[in-house]
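In: predicted coordinates and the sequence they were generated for:
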Amino acid sequence: MKVQRAEIAAIADNPAPPTFANTIEAMERTGEMLTRVYKVFGNIDQSDTNETLQKIKSEVAPKLSAHFDAIYLNPKLYARVKAIYAQRATLGLDPEAKYLVERDNLAFVRAGADLSDADKATLMALNEEESTLTTDFEKKLLADGNASAPVVSDKKQLAGATDGTLAAALQAAKERKLDGKWVLALQNTTQQPVLSSLTDRALRRRVLEASEKRGNHGGENDTTAIVVRLAPLRAQKAKLLGFKTYADYVLDDQMAKTPQNADKLMTDLVPAATAKARGEAAQIQKQIDAEKGGFTLSAADWELYSEKVRKAEYDLDQSEVRPYLELDRVLNDGVFYAANKMYGITFRPRPDIPVYNPDVRVWEVIDADGTPLALYYGDYFQRPSKAGGAWCDSFVDQSRLMGTKPVVTNNLNLTKPAAGQPALISFGDVTALFHEFGHALHAIFQNITYPTLDATPRDFVEFPSQFNEHWATEPTVFANYAKHHETGTPMPDSLVGKIKKAKTFNQGYMTTEYLAAALLDMAWHSLPSDAPKQDVNAFEKATLERTKVALAQVPPRYRTAYFAHIWGGGYAAGYYAYLWAEVIDDDAYSWFKEHGGMTRQNGQRFREMILSRAGSQDLAAMYRAFRGRDPEVQPLLEERGLAPAKP
């Protein structure tokens, strides 16, 4: 930070008139040491943290907030940027440089550079407090998630659990010195994978209750106090900056532009999604009644009995599928194979490169012409020191100005198999691998000059990742990786057919749980700054009822108290982005289907017109140039089975 402060001061205090080179480009070159250090620190803290790293992060977070405020609220620096912005049309800049000037000026304005000194001081205090609160939220959630994992003493209660689940639960208990017991580790979302196999209803309810109460049952790791402070704090920041709510502030710089546009996309889907979910619930209840279960379907029963319905309706049993989905084969013969077919790239293992945890692997990515493109880190297994969920990040970003090539990392939270056993995964896990690798491809293919322009809006950044999911079911790709882990025999055509037939199964549930979470996010961040203090549970209940997604058997994908995306992960007022981006990704996929599908020619066009450009131009214009028009919503409705395909 000290180094960058000196670099910034030299630019701001430069007596020479402001130019693109001595101000805008000079700013791009600042902070190289800070970026390098923080990218390493931030990734390790997220992937393999400990008390020391957490302590450092808590100490550094408010200092970093103040550091960046000091840059963007520096009046002399802003005056230079503003002067160049005013002349941008007459400076002979290339399109990328001109766009950088526009983005820089906007960044200063959005950071409060036009505020009075008193308002700047208020904003800096709010930013500092927010950074402390979000760091505390992440720390408390990780601790409470680990502490809330159900401990089972009687193995009979674990009837139905797979051998892999039992081995992982036994290992988790052993690590906690609970010999002779089993610990069912909790993943990020409300529903838990283990619920699809446990036959003991009391334990199912216990697991779901443990999941839903994370951060919301008192004690030192309760997160609700953080939430009820963060929401009005963000609203106060937005008001200072001239916006009605925090959602208005965030979306003003996104593709959606307004919360109303995002809300409309979501609420328009609610009737079809909830109707389909109610139909699915009725089907599941019939299954329970046919088995003489003697109870009414609850959220804790959905995963188990929806699997039974899947088996009955489609003759598809997930336990039959897993033996054909071994992690390394899916990765090498699926994810990497698809990338090679589309873009011509290859992957060379680099076991010589040091890693931060023994589970991590590294590959060098080689372009079609033999040029080294990037390094790719894969960190796929769950551990207590790792944040929940799945994500993509980078240790180094590509920039022609800085002469850097990308070093990209993917993280998942798959159950680690016992020593010597294969990592057999679900088809949902396969989709997650393809999704995160879509983010990785966006970073790997980035080909821009200025570091600032590697950032893209939340409601666009999920487009490449969700687009890449489509290739998981591309017949030639699927046939290449879906092979039995022991015999190597391809998955039988009959089983492949069942998977395809069941593609839209449970989509009512999945769409509704997502919409519930996204609408909750938007509701929290649409509160005005003078709203009364909220009770988390009452606010959540009222929001779900108002938006008509309050289905007892379909809880939100994330409840407020453990919604890490929005309170710690940078998706505040942005969780809708997955749906917004899905409209674009399904529309882009329909272009591929119209133009011959998965070909090198089509892949190269997508790479050059979308993936390589990052945030270096207006994104709506970028997509129109690729597609020939704006995206349409019909392909999304068809993909989710919420509307019939056009004839």
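Out: Looks like it arrived, so ask away. Numbering: from 1, shown residues only.
In: could you check how many residues crowd around residue 529?
Out: 18 (other C-beta atoms under 10 Å). Backbone N, C-alpha and C define where each C-beta goes, glycine included.
In: could you measure it against residue 66, distance?
Out: Going from residue 529 to residue 66 by C-beta to C-beta, to the nearest Å gives 22 Å.
In: where exactly do the strands run in the stretch 401-550 of the chain?
Out: Taking DSSP state E, counting those that start in this stretch, the strands of the stretch 401-550 of the chain run over residues 407-414.
In: no no, the stretch 251-400 of the chain
Out: 346-349, 361-366, 372-381, 391-396.
In: angle of the longest one against strand 361-366?
Out: Right, strand 372-381. 160 degrees (axes from the mean of the first three to the mean of the last three C-alpha atoms, to 10 degrees).
In: show me what counts as buried in strand 372-381.
Out: 373-381 (16 or more other C-beta atoms under 10 Å).
In: one more: the first one?
Out: Buried residues in strand 346-349, defined by neighbour count with 16+ other C-beta under 10 Å: 346-347.
In: ok now it, how far from the chain's centre?
Out: 25 Å (C-alpha atoms, centre = their mean, to the nearest Å).
In: pLDDT on that strand, on average?
Out: Across strand 346-349, the average pLDDT comes to 98.
In: I'd like the strands of the stretch 251-400 of the chain written out as a markdown table, with distance to residue 490 added.
Out: Formatted as a markdown table, the strands of the stretch 251-400 of the chain follow (distance: least, C-beta to C-beta, whole Å):
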| stretch | distance to residue 490 |
| --- | --- |
| strand 346-349 | 22 |
| strand 361-366 | 25 |
| strand 372-381 | 24 |
| strand 391-396 | 30 |
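In: circling back: for the buried residues of strand 372-381, which one is nearest residue 279?
Out: residue 380 (35.2 Å; C-beta to C-beta).
In: of the strands of the stretch 251-400 of the chain, which is nearest residue 629?
Out: strand 391-396 (28.9 Å).
In: partners of that closest one in the sheet?
Out: Sheet pairing of strand 391-396 (DSSP bridges) gives strand 407-414 (antiparallel).
In: could you give the mean pLDDT of the strand it pairs with?
Out: 97.
In: cool, stretch 33-42 as well?
Out: Here the average pLDDT along stretch 33-42 is 97.
In: tell me the bridge partners for the residue nearest to the spatial centre of the chain.
Out: With distances taken as C-alpha atoms, centre = their mean, the residue of the chain nearest its centroid is residue 391 (5.4 Å). Beta-bridge partners recorded for residue 391 (DSSP bridges): residue 411.
In: distance-wise, check it relative to residue 229.
Out: Plainly put, residue 391 is 25 Å away from residue 229 if you go by C-beta to C-beta.
In: contact partners for residue 446?
Out: 397-398, 406, 454, 611-612, 614 (C-beta atoms under 8 Å, 6 or more residues apart in numbering).
In: check what pLDDT it gets.
Out: 98.
In: report all helices and strands that the host helix or strand of residue 228 contacts.
Out: Element membership for residue 228 (DSSP states H and E) is helix 224-240. Helices and strands touching helix 224-240, by 3 or more C-beta pairs under 8 Å, 6 or more residues apart in numbering; DSSP states H and E, are helix 117-148, helix 246-251, helix 536-546, helix 564-567.
In: and that helix, what's buried?
Out: 224, 226-228, 230-240.
In: what's the answer for stretch 144-158, then?
Out: For stretch 144-158, using 16+ other C-beta under 10 Å, the buried residues are 144-146, 148-150, 152, 157-158.
In: stretch 16-26 now?
Out: For stretch 16-26, by 16+ other C-beta under 10 Å, it's 18-20, 22-26.
In: relative orientation of the helix holding residue 228 and helix 536-546 in degrees?
Out: 60 degrees.
In: ok, residues contacting helix 224-240?
Out: Contacts for helix 224-240 (C-beta under 8 Å, 6+ apart): 112, 115, 119, 122-123, 126-127, 129-130, 133-134, 136-137, 140, 215-216, 244-246, 248-249, 524-525, 527-529, 531, 533-536, 560-561, 567, 572.
In: what residue ranges in the protein score low on pLDDT?
Out: Scanning the chain for pLDDT under 70 picks out 645-647.
In: hmm, back to that, nearest to residue 268, of the buried residues of strand 372-381?
Out: Using C-beta to C-beta, the buried residues of strand 372-381 come closest to residue 268 at residue 380, 36.2 Å.
In: hmm, that closest one is touching residue 330, no?
Out: No. Counting by C-beta atoms under 8 Å, residue 380 stays clear of residue 330, with 10.3 Å between them.
In: find residues that contact each of these two.
Out: residue 433.
In: hmm, which two among the buried residues of stretch 16-26 are most spread apart?
Out: Farthest apart among these - using C-beta to C-beta - are 18 and 25, which lie 11.4 Å from each other.
In: the helices in the stretch 401-550 of the chain, which residues?
Out: Secondary structure of the stretch 401-550 of the chain (DSSP state H, counting those that start in this stretch): helices at 427-444, 458-469, 475-481, 493-501, 507-524, 536-546.
In: as TSV, those helices with mean neighbour count and distance to residue 319 would be great.
Out: Shown next, in TSV, are the helices of the stretch 401-550 of the chain (neighbours: other C-beta atoms under 10 Å; distance: least, C-beta to C-beta, whole Å):
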stretch	mean neighbour count	distance to residue 319
helix 427-444	23	12
helix 458-469	24	23
helix 475-481	18	19
helix 493-501	14	12
helix 507-524	25	20
helix 536-546	16	33
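In: residue 627 is nearest to which of those?
Out: Comparing those under C-beta to C-beta, the one sitting nearest is helix 458-469, at 11.6 Å.
In: what's the closest one packed up against?
Out: Looks like helix 458-469 contacts helix 427-444, helix 577-594 (3+ C-beta pairs under 8 Å, 6+ apart).
In: which SSE is immediately downstream of the last one?
Out: Where DSSP H and E defines the elements, the next helix or strand beyond helix 577-594 is helix 600-609.
In: now that next one and helix 427-444, what's the angle there?
Out: Going by the same axes, to 10 degrees, helix 600-609 makes 60 degrees with helix 427-444.
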